[in-house]
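In: Have a look at this prediction, sequence included:
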There are 2 protein chains.
Amino acid sequence: MNTRFYNARILTMENGFMIEEGELWVRSNRIVYIGTGKDRDAVENMVTWDREIDCKKNLLMPGFKNAHTHSAMTFLRSYADDLPLLEWLNRQVFPMEAKLSPEDVYHLSKLAIMEYLTSGITANFDMYFFRDQIAKASVDTGFRTVLTNGLNDFGGTVEEEEAEYLKFNAYHELISYQLGFHAEYTTNRSLLEGLAALAKKHHAPVYTHNSEGRPEVDQCLERYGMTPTVFLNSLGMFDYGGGGYHCVHMSEADLEIFRDHNMFVVTNPASNAKLASGIAPLQRMMNMGIRLAIGTDGPASNNCLDMFREMFMATSLQKLRLDDASALDANDVLYMATVGGAKAMHLDECDTLAEGKLADLIMIDLHQPNMQPINNITKNLVYSGSKSNVKMTMINGRILYEDGVFAIGVDPEEIYSIANETIQRMREQG
Amino acid sequence: MNTRFYNARILTMENGFMIEEGELWVRSNRIVYIGTGKDRDAVENMVTWDREIDCKKNLLMPGFKNAHTHSAMTFLRSYADDLPLLEWLNRQVFPMEAKLSPEDVYHLSKLAIMEYLTSGITANFDMYFFRDQIAKASVDTGFRTVLTNGLNDFGGTVEEEEAEYLKFNAYHELISYQLGFHAEYTTNRSLLEGLAALAKKHHAPVYTHNSEGRPEVDQCLERYGMTPTVFLNSLGMFDYGGGGYHCVHMSEADLEIFRDHNMFVVTNPASNAKLASGIAPLQRMMNMGIRLAIGTDGPASNNCLDMFREMFMATSLQKLRLDDASALDANDVLYMATVGGAKAMHLDECDTLAEGKLADLIMIDLHQPNMQPINNITKNLVYSGSKSNVKMTMINGRILYEDGVFAIGVDPEEIYSIANETIQRMREQG
């Protein structure tokens, strides 16, 4: 597919938050031109367009990157809310997850992918099991996924993880894989040491849930006399970087480790609020130069997969935390949700809009009341933007969602039916 | 217009959060029937339909009530964000407001009304100036507005307020009026005493901004040795009830006054977060039996007018505040956003869906990924719902918004142009 977007506003994220006006051309899966369109001879062989889209001064921008999620947990959306955290996990989540089949995960991941597309999310960093099925769901729909492993005492081995690492990084252009494990509190020391050795062998970064709740940190202090970050670092886990999901309850020493190892914090503000985990110290992290990204977490804990809500939560909670309306500027949050996420996920070709980059981009409808008047488009995105403004989502040069219609090779109603049948079957299993 | 909705799920809010399946009939501006549709003879003379709408099992429910806003501030959306509160108010907001003409307020209110409709909001409680223009904007578009007065030392008299009270409560079926003033900190004692006397004369409730920020409370304590609530109550201001917008920093004595006078707290969680005002003690208020409603506040401080975001903020911030994931159940928040708001605004005929009530209702599209699977529809509304799920908004029996298209007697692009020209003119005025 060769697509010409014209009459567009373009936020490339290559020049701060400056917005240009002009054209953006996509050949196959890559951006080949951004400019006024007057110098079109500069792009050779671009003679036939499959589509020419009048953007009507709407905004083209890089797709959002959902840097932490558990996609297939869609089946538990609104299944059990407003419960204390441990009751929710132990009585509702774990018993239901045990009933999932690989095929369930395939369909439930597709349901999440549909939701990502409606929110302008063009890639996810997905920690869940039955990863063959997750990869297949992404490839079949055309979605971009970075897989990671939720290795823990109840499932997985280091050998399997190495096999997956090699397999999925050579699997398909839409799929990649980063080393990971579930969390310090679910994974014994020997398994962690094995994973750290694997990371060293492949010079690879490692990702995990980190310091989401206060009890998690306290228990690690009791167990090892160290915080999760300090303990894991002492094993050499982060010798080649990596990152932490949540990172709500962090000591100065923890933050210094993140900074010194060039690691990523992936914040999940809506989940952390809904589950009463707390507010991550994002402004402090930013001041220290720690690299930041944003994730939705899974749909059972959030319960939606919407980067607009996450962006507003990230900045507004930080303002509350610091009692300062100027804390965590909206533009910084927009960077976290796009470029920051791409970097955390090692999607270096999907971070900005530039010639030669992969065509993972979205169109934002500015012709809606919540985006008017146009005082400041990037602030509008964070403060008043909504998934209702996502007019189009393109991944790898293919338009997968446009004006509310999906082009993902499956009828949405079929996915909804399967999701409802799945949860119904589980309820009947008792 | 006579409209028949069939094949619907219906959340009437008359029976807790139970959802029925069936039909809902509207004759002119009222609901005349809710049921299976089999007993249609029960409704006499209902022979011709102007429209019959297949709801495809989507949800009909009462419209949201935006119980505190300053609609015309749309012109300042994203004009000046991420600033300390006082700098924002004194350097950005007040000087710009001084440049508004009555005609500006007419058009800018229409822009807000469009945004309300996209979010399923069917009525607003609007505190702003040039109220003739606000009322005209509502009547011209078909929107329902409860006006209140922002009386303060810089504008308005008690005599004018009484004249307005009499005028707007007899103005049009879509318009009503409640007594109000801006806030204790902007209004001198003599003016407040005059207003309290007016309230007594008309046996009327009074509404005002109350205890939004900590400094406001501290200054009142310094000035009068009392909190704003205790001070205002000592003047007899709330002898016939009323309510407070924000109510973030409330003492036990304040809360007892609200309870004992059957007053309403209108919470504005997104604005309170974005402006770092704090988190209102909603769960405590609810436990005391204080009646609650939700408002967006104005678009300059929020910056959007979206009840879905407000609902998620209300519950998730309360969970954070109390460190308890079970705090402020989503269903309680849904009640606040619908029935609670209607009661706070004295729209007693628009609170629930029932035969004889006014037809202020919305259709929620459940055929979208964020609402699937259907484990719990009311929790979905609060935790994963979005304005993108608002398929239709009906006010007073008229469909004003449907599938992204407005029927409000004006071309949306014309409103956007005027809004942009208005802010441009103000910038040029310097």
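Out: On my side now, so go ahead.

In: quick one: A:A344 and A:Y207, what's the gap?
Out: 8 Å (C-beta to C-beta, to the nearest Å). Any C-beta I mention is one placed from the backbone N, CA and C, and that applies to glycine too.

In: what do those two both touch?
Out: A:125, A:243, A:266 (C-beta atoms under 8 Å, 6 or more residues apart in numbering or on different chains).

In: Could you list the contact residues of the stretch 51-200 of chain A toward chain B?
Out: The interface of the stretch 51-200 of chain A toward chain B, taken as C-beta under 8 Å from any C-beta of the partner chain, is made up of A:74-79, A:81-85, A:88, A:111-112, A:114-115, A:118.

In: now those: which count as buried?
Out: A:74-79, A:81-82, A:85, A:88, A:111-112, A:114-115, A:118 (16 or more other C-beta atoms under 10 Å in any protein chain shown).

In: Show me the domain layout of chain A.
Out: Here the domain parsing of chain A from automatic domain parsing is A:2-62+A:350-406, A:64-344.

In: Out of those domains, which gets nearest to B:E184?
Out: In terms of C-beta to C-beta, the element of those nearest to B:E184 is domain A:64-344, at 21.5 Å.

In: Show me the shared contacts of A:A344 and A:Y207 that map onto strands.
Out: Using DSSP state E to define strands, the subset of those located there is A:125, A:243, A:266.

In: quick one: which of these is nearest to B:H172?
Out: Distances from B:H172 to those, taken as C-beta to C-beta, are shortest for A:V266 (52.2 Å).

In: which residues does the most centrally placed residue in chain A contact?
Out: For chain A, the residue lying nearest the average C-alpha position, counting by C-alpha atoms, centre = their mean, turns out to be A:N66 (1.4 Å). For A:N66, the residues meeting the contact criterion (C-beta under 8 Å, 6+ apart) are A:116, A:121, A:123-125, A:294-296, A:305, A:307, A:341.

In: change it to 10 Å
Out: With contact set as C-beta atoms under 10 Å, 6 or more residues apart in numbering or on different chains, A:N66 has these partners: A:112, A:115-116, A:119, A:121-126, A:145-146, A:266, A:268, A:293-297, A:305-307, A:310, A:337, A:341, A:345.

In: Please flag which of those sit within helices.
Out: Counting by DSSP state H, the members of the contacts of A:N66 that fall within helices are A:112, A:115-116, A:307, A:310, A:341.

In: Just the strands from the stretch 1-150 of chain A, written as ranges.
Out: A:2-11, A:19-27, A:30-35, A:51-54, A:59-62, A:64-69, A:121-127, A:144-148 (DSSP state E, counting those that start in this stretch).

In: Spell out whether the first one and chain B are in contact.
Out: No: counting by C-beta under 10 Å from any C-beta of the partner chain, chain B has no neighbours in strand A:2-11; the shortest distance is 13.8 Å.

In: and that strand, which strands flank it?
Out: Based on DSSP bridges, the strands next to strand A:2-11 in the sheet, each with its direction, are strand A:19-27 (antiparallel), strand A:51-54 (parallel), strand A:59-62 (parallel).

In: ok, back up a step: which among the shared contacts of A:A344 and A:Y207 end up buried?
Out: Here the buried ones among those, as counted with 16+ other C-beta under 10 Å, turn out to be A:125, A:243, A:266.

In: quick one, what contacts the last one?
Out: Read it as A:V266. Listed by C-beta under 10 Å, 6+ apart, the contact set of A:V266 reads A:65-69, A:125, A:207, A:209-210, A:243-247, A:280, A:291-295, A:297, A:336, A:340-341, A:344-345.

In: picking that back up, the closest residue to the residue nearest to the centre of chain A other than its chain neighbours pairs with what?
Out: Using C-beta to C-beta, 6 or more residues apart in numbering or on different chains and skipping the chain neighbours, the partner closest in space to A:N66 is A:N124 (4.4 Å). Per DSSP bridges, the residues bridged to A:N124 are A:N66, A:T145.
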